[in-house]
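>>> Got a sequence here, can you model it:
(2 chains)
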Amino acid sequence: NAGVTQTPKFHILKTGQSMTLQCAQDMNHGYMSWYRQDPGMGLRLIYYSAAAGTTDKEVPNGYNVSRLNTEDFPLRLVSAAPSQTSVYLCASSYYYADRDCNQPQHFGDGTRLSIL
Amino acid sequence: GENVEQHPSTLSVQEGDSAVIKCTYSDSASNYFPWYKQELGKRPQLIIDIRSNVGEKKDQRIAVTLNKTAKHFSLHITETQPEDSAVYFCAAINTGTASKLTFGTGTRLQVTL
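Residues are numbered from 1 along each chain as shown, chains lettered A, B, ... in the order given. Below you'll find the predicted structure:
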């Protein structure tokens, strides 16, 4: 298994541009999520999806997601702002309620995004 | 929602000493507490986890303790080595719902020679 794959690894955007960060997993995990990681701030959840066809937003603006199938969970920056400069991490796991056992999240390598 | 606080934010220990990182959580329904290690430039990796029906779990030099009454859990690393240097994150979740995994803000551990 490749696990969780994120593309691109690095990207530079100009303010106002839009972009889609790709995330794919081949472990048949139902639960997928996006985090942003900033120095001293830990991992902050942006969006999550418990299954294909469902998504839940954690932060109010600036991001959109879709979950058309089990494998893919792309994150779209609608109109990039400098405050969105960050490392974006995608993660997946089994949907916890389905299993009475520990199911840790598997992370991708991240996308380092700079917005000028 | 759940809130997880983690202390200290940075920790420096000498090789061979022990390191302890502490986390508190707010939601008494949380029942699963994983710990992740993130080396510089790499993805977070699970190192140990504990469920709420267990008070302590150990894996070689790493142990985690959980106090449900006080709603805090701790990571203990004994006989630290330079390769233990990394950022460590605690997290909490109620696995009985479709709720999200909430992370602490991380502890940067530096093991010096």
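>>> who does the worst-scoring helix or strand of chain B on mean pLDDT touch, helix- and strand-wise?
Here the helix or strand of chain B ranked lowest by mean pLDDT, DSSP states H and E is strand B:102-103, holding a mean of 90. With contacts taken as 3 or more CB pairs under 8 Å, 6 or more residues apart in numbering or on different chains; DSSP states H and E, strand B:102-103 sits against strand A:42-49, strand B:86-92. Yep, even glycine has a C-beta here, placed from its N, CA and C like the rest.
>>> Paired strands for that strand, with orientation please.
The pairing partners recorded for strand B:102-103 under DSSP bridges are strand B:86-92 (antiparallel).
>>> Next secondary structure after the lowest-mean-pLDDT helix or strand in chain A?
Lowest mean confidence among the helices and strands of chain A (mean pLDDT, DSSP H and E): strand A:56-57, at a mean of 78. Next along the chain after strand A:56-57, taking DSSP states H and E as the criterion, comes strand A:63-65.
>>> What are the contacting residues of the following helix or strand past that following strand?
Using DSSP H and E, the helix or strand that follows strand A:63-65 in sequence is strand A:75-77. Here strand A:75-77 makes contact (CB atoms under 8 Å, 6 or more residues apart in numbering or on different chains) with A:13, A:18-21, A:23, A:34, A:46-47, A:62-66, A:84, A:88, A:90, A:113.
>>> if you set the cut-off to 7 Å instead, what comes out?
With contact meaning CB atoms under 7 Å, 6 or more residues apart in numbering or on different chains, strand A:75-77 is reached by A:18-21, A:23, A:34, A:47, A:62-65, A:84, A:88.
>>> re the thing from before, packing partners of the least confident helix or strand of chain A?
Contacting strand A:56-57 under the criterion 3 or more CB pairs under 7 Å, 6 or more residues apart in numbering or on different chains; DSSP states H and E are the following elements: strand A:42-49.
>>> if you look at the strand it packs on, does any of it touch chain B?
Yes. Strand A:42-49 comes into contact with chain B (CB under 7 Å from any CB of the partner chain), by way of A:42, A:43, A:45, A:48.
>>> mind listing what the least confident helix or strand of chain A pairs with, with the direction of each?
Here, using DSSP bridges, strand A:56-57 pairs with strand A:42-49 (antiparallel).
>>> Return the alpha-carbon coordinates of the partner strand using CSV.
Listed in CSV are the C-alpha atoms of strand A:42-49, where the atom choice follows Å, rounded to 0.1, in the frame of the first residue of the first chain:
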residue,chain,number,x,y,z
GLY,A,42,0.1,22.2,16.6
LEU,A,43,-2.2,20.5,14.2
ARG,A,44,-5.4,22.4,13.5
LEU,A,45,-8.3,20.6,11.8
ILE,A,46,-9.7,22.3,8.7
TYR,A,47,-12.2,19.7,7.3
TYR,A,48,-13.1,16.1,7.9
SER,A,49,-15.2,13.5,6.2
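>>> That strand - what's its average pLDDT?
What strand A:42-49 shows for mean pLDDT is 88.
>>> Show residues contacting it.
Outside strand A:42-49, the residues that touch it by CB under 7 Å, 6+ apart are A:32-37, A:55-59, A:63, A:65, A:67, A:73, A:75, A:89, B:89, B:100, B:103-106.
>>> Enumerate every residue touching residue B:19.
Residue B:19 is in contact with B:11, B:13, B:77, B:80, B:109, counting by CB under 7 Å, 6+ apart.
>>> now the closest residue to residue A:12 other than its chain neighbours: how far from residue A:59?
The shortest distance from residue A:12 to any non-neighbouring residue, by CB to CB, 6 or more residues apart in numbering or on different chains, is to residue A:114 (4.8 Å). Here the criterion is CB to CB, to the nearest Å. By it, residue A:114 lies 19 Å from residue A:59.
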